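**Q** I would like the atomic coordinates for the input below:
(one chain, ligands or ions: 1)
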Amino acid sequence: MAKTSQFKAYDLRRKKLHTISSPPVKLTQSRLERGEWAAATKASASATTRPSKVTKKRGRFSKKAATKKPPQRAADLMRCAASDEIECLHCNKPGDDQTCGVSCYREFKKQHFVGKQIDIRGPGPMGYGAYTKPGVSIENGQYLDEYIGDLRPLKSYESSSSLYCFVIPQTCVVDAEKAGNWTRFVNSSCKPNVKPWADFVGKRHVIVFQALKDIGPEEEIVFDYGKAYFEKAGFECACDAHDRRHLPGQNEPKAKKAGSRR
Ligand SMILES: C[S@@+](CC[C@H](N)C(=O)[O-])C[C@H]1O[C@@H](n2cnc3c(N)ncnc32)[C@H](O)[C@@H]1O
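**A** Numbers count the residues shown, from 1 in each chain. Okay, here's the model as predicted:
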């Protein structure tokens, strides 16, 4: 089971570090609630194998669906099938290469991830946010970290009210509402400085954040959640790239102040 602890945030107004009330809890790797997966697997198996008139007549029930086992561990779920169509972000070898595996994942984390160089600050108008620490800079193109959380069945996405979900196509939903790492605090902006990618490292599915530009010290890390996120959430984006609340991609950017140069 993934280790948990609590997040600390710096309150700029009170100039004090405080513990953010739980949830969320801090994770070092994604976690999976086995009961939830067992129930989802059972439900989808019974939906597939329920004998309709036609299937009963033919006596053909889906054996595969009936025998499908729920994942036991997060790592099992995130493992992707070896294939020459996917490339590891660390070794750049195709996924069916024997030398690519868990060591690529460990090395990639060690070489790139900047979690220790990030501060959580807030609460502010958008709740908490993630910032580079004083003196820390991140180069354009650098991978910052992996988005982790509770791994939920894909089917749960539509009915979920969580505003912390990423979908890994054909795999699962990563939901960081109750638990995750610092990336769960990354707010949305129409002027993003990072972008999340669904990719592969060491035969594992990952969602990784990559810098879109050089990021300076004490700068907020932000990405563009996209219009669909705000439509599902039922509120508009309040980022400061625009004068008023808006849906990403819809409104004109902030009007230039009188006298400002092009
Ligand atoms: C993934 S969380 C980001 C962390 C969050 N600020 C917190 O304190 O937990 C997404 C939530 O942050 C807030 N948020 C982030 N970016 C926003 C934006 N551009 N406009 C309005 N709300 C935003 C919304 O409440 C949204 O549901």
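**Q** buried ones in stretch 234-252?
**A** For stretch 234-252, burial by neighbour count (16 or more other Cβ atoms under 10 Å) applies to 236-237, 239, 241-242, 246-248, 251. All C-beta spots, glycine's among them, are computed from the backbone N, C-alpha and C.
**Q** reformat these as JSON lines; add secondary structure.
**A** Formatted as JSON lines, the buried residues of stretch 234-252 follow (DSSP: H, G, I helix; E, B strand; the rest coil):
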{"residue": "Glu236", "secondary structure": "coil"}
{"residue": "Cys237", "secondary structure": "strand"}
{"residue": "Cys239", "secondary structure": "coil"}
{"residue": "Ala241", "secondary structure": "coil"}
{"residue": "His242", "secondary structure": "coil"}
{"residue": "His246", "secondary structure": "strand"}
{"residue": "Leu247", "secondary structure": "coil"}
{"residue": "Pro248", "secondary structure": "coil"}
{"residue": "Asn251", "secondary structure": "coil"}
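**Q** restrict the residues you listed to those near the ligand?
**A** Applying Cβ under 6 Å from any ligand atom to the buried residues of stretch 234-252, one finds that 237, 239 fall near the ligand.
**Q** tabulate the buried residues of stretch 234-252 (a markdown table), appending pLDDT.
**A** Listed next are these as a markdown table, based on pLDDT from 0 to 100:
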| residue | pLDDT |
| --- | --- |
| Glu236 | 96 |
| Cys237 | 97 |
| Cys239 | 96 |
| Ala241 | 90 |
| His242 | 89 |
| His246 | 91 |
| Leu247 | 92 |
| Pro248 | 93 |
| Asn251 | 59 |
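**Q** nearest to Asn92 among the buried residues of stretch 234-252?
**A** The shortest approach to Asn92 among these belongs to Pro248, at 32.4 Å (Cβ to Cβ).
**Q** if I look at the closest one, how far off is Ser162?
**A** Separation of Pro248 from Ser162 (Cβ to Cβ, to the nearest Å): 20 Å.
**Q** how about Gln6?
**A** Distance, Gln6 to Ser162, using Cβ to Cβ: 19 Å.
**Q** surely Phe108 is in a helix?
**A** Yes: assessed with three-state DSSP, Phe108 lies in a helix.
**Q** now do it against the ligand, distance only.
**A** In this view, Phe108 and the ligand are 23 Å apart by Cβ to the nearest ligand atom, to the nearest Å.
**Q** neighbours around that residue, how many?
**A** For Phe108, the neighbour count with other Cβ atoms under 10 Å is 21.
**Q** equivalent analysis for Ala233, please.
**A** Ala233 has 12 neighbouring residues, counting by other Cβ under 10 Å.
**Q** assign the nearest residue to it once chain neighbours are set aside to helix, strand or coil.
**A** Once flanking residues are discounted, Ala233 sits nearest to Leu163: 5.6 Å by Cβ to Cβ, 6 or more residues apart in numbering. Of the three states, Leu163 takes coil according to three-state DSSP.
**Q** contacts only, for Leu163.
**A** Leu163 makes contact with 177, 229, 233 under the criterion Cβ atoms under 8 Å, 6 or more residues apart in numbering.
**Q** contacts only, for the second one.
**A** Translated: Tyr229. Taking Cβ under 8 Å, 6+ apart as the test, what Tyr229 contacts is 163, 188.
**Q** per-residue pLDDT of it, please?
**A** Looking at Tyr229, its pLDDT stands at 96.
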